[in-house]
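# sequence and predicted structure are below.
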Amino acid sequence: MENQEIDKLTYTQAVNELEEIVKKMQSPDCSIDNLSRYTARSLQLLKVCKAKLTATDEELKKVLDEMSDDKSNA
């Protein structure tokens, strides 16, 4: 999947794909050749998750700050 496509993933889609990769890696049928590919893809997915969590955290902080400002101005 290209970077442009990975950026369109939702957090839930990225987590679900990560879970599938873990299952594949834990399988006794998983070849060493696939581990590198799975690891690289996992890193991409983890970056997407981190970015979405960070953005959500920042949005929540702004909302909470606005609520605090509103209470102090009341």
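Thanks, I have it. Numbers count the residues shown, from 1 in each chain.
# and residue 18, how many residues sit next to it?
Residue 18 has 17 neighbouring residues, counting by other CB atoms under 10 Å. To be clear about C-beta, it is placed using only N, CA and C from the backbone, and glycine gets the same treatment.
# residues of the strand or helix carrying it that come out buried?
For residue 18, the host element (DSSP states H and E) is helix 11-26. Neighbour-count burial for helix 11-26 flags 14-15, 17-18, 21 (criterion: 16 or more other CB atoms under 10 Å).
# closest one of these to residue 28?
residue 21 (15.8 Å; CB to CB).
# ok, the closest one touching residue 38?
Yes - between residue 21 and residue 38 there is a contact at 5.1 Å, judged by CB atoms under 8 Å.
# ok, residue 69 to residue 40 distance?
When distance is defined by CB to CB, to the nearest Å, residue 69 is 44 Å away from residue 40.
# so what pLDDT did the spatially most central residue of the chain get?
By CA atoms, centre = their mean, the chain has its centre lying nearest to residue 49, at 1.3 Å. What the model reports as pLDDT for residue 49 is 97.
# give me every residue that touches it.
Shown here is residue 49, whose contacts under the criterion CB atoms under 8 Å, 6 or more residues apart in numbering are 11, 14-15, 18.
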